[in-house]
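Asker: dropping the sequence and predicted coords here.
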Amino acid sequence: KTKIFRKCEFAELLERRYRLSREDIKNWVCIAEYESSFNTGAINRNRNRSVDYGIFQINNKYWCDSSYGKNACGIPCSDLMSDDITAALRCAEAVRRDTEGFRGRGNGYTAWVAYNNKCKNRDLDRYMADCWSRPSNSIYPF
């Protein structure tokens, strides 16, 4: 089943369950907001007839569903549309690493159009301020 997260709910999930750094979280949250409006069920058909899936809008031409493309993440695209974002996050991290390796420098978030248009060169700490009242990297009980 799919889910539409709230911004701070998504940030908290990335921090508590997936133990991501706040540096990574603010980028993933920004990407998810502008790619899918935090909707794990989002689907977008592109002009080249490829399709983007899930909260991070991962494309089937290279990353999922071997019947169409290379399936570099080794998963059916439907796995990217679950309310459990584990597969989507794992695949998004693979996209990021691959982009960093391919371009040889910079950060792999540039694989996402939304990152380039809405997140890059933006004060993401201010963007996240409504979610993070605590200082960065604070340890707190669950």
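Answerer: Cool, the structure landed.
Asker: just checking, Trp112 touches Ile58?
Answerer: No: in this structure Trp112 lies outside contact range of Ile58 using Cβ atoms under 8 Å: 9.4 Å. (C-beta placed from N, C-alpha, C; glycine too.)
Asker: which residues touch the nearest residue to Arg122 once chain neighbours are set aside?
Answerer: Nearest residue to Arg122, sequence neighbours excluded (Cβ to Cβ, 6 or more residues apart in numbering): Cys30, at 7.4 Å. Cys30 sits next to 114-115, 118-119, 122, 124, 127 when contact means Cβ atoms under 8 Å, 6 or more residues apart in numbering.
Asker: need the longest helix for the protein.
Answerer: If each helix of the chain is counted by residues according to DSSP state H, the longest one is helix 86-103.
Asker: mind listing what's buried along it?
Answerer: Within helix 86-103, the residues that count as buried by 16 or more other Cβ atoms under 10 Å are 87-89, 91-96, 98-100.
Asker: with stretch 30-42 instead?
Answerer: Those would be 30-36, 38-42, for stretch 30-42 by 16+ other Cβ under 10 Å.
Asker: can you put those in CSV and add secondary structure?
Answerer: Conversion of the buried residues of stretch 30-42 to CSV gives the following (DSSP: H, G, I helix; E, B strand; the rest coil):
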residue, secondary structure
Cys30, helix
Ile31, helix
Ala32, helix
Glu33, helix
Tyr34, helix
Glu35, helix
Ser36, helix
Phe38, coil
Asn39, strand
Thr40, coil
Gly41, coil
Ala42, coil
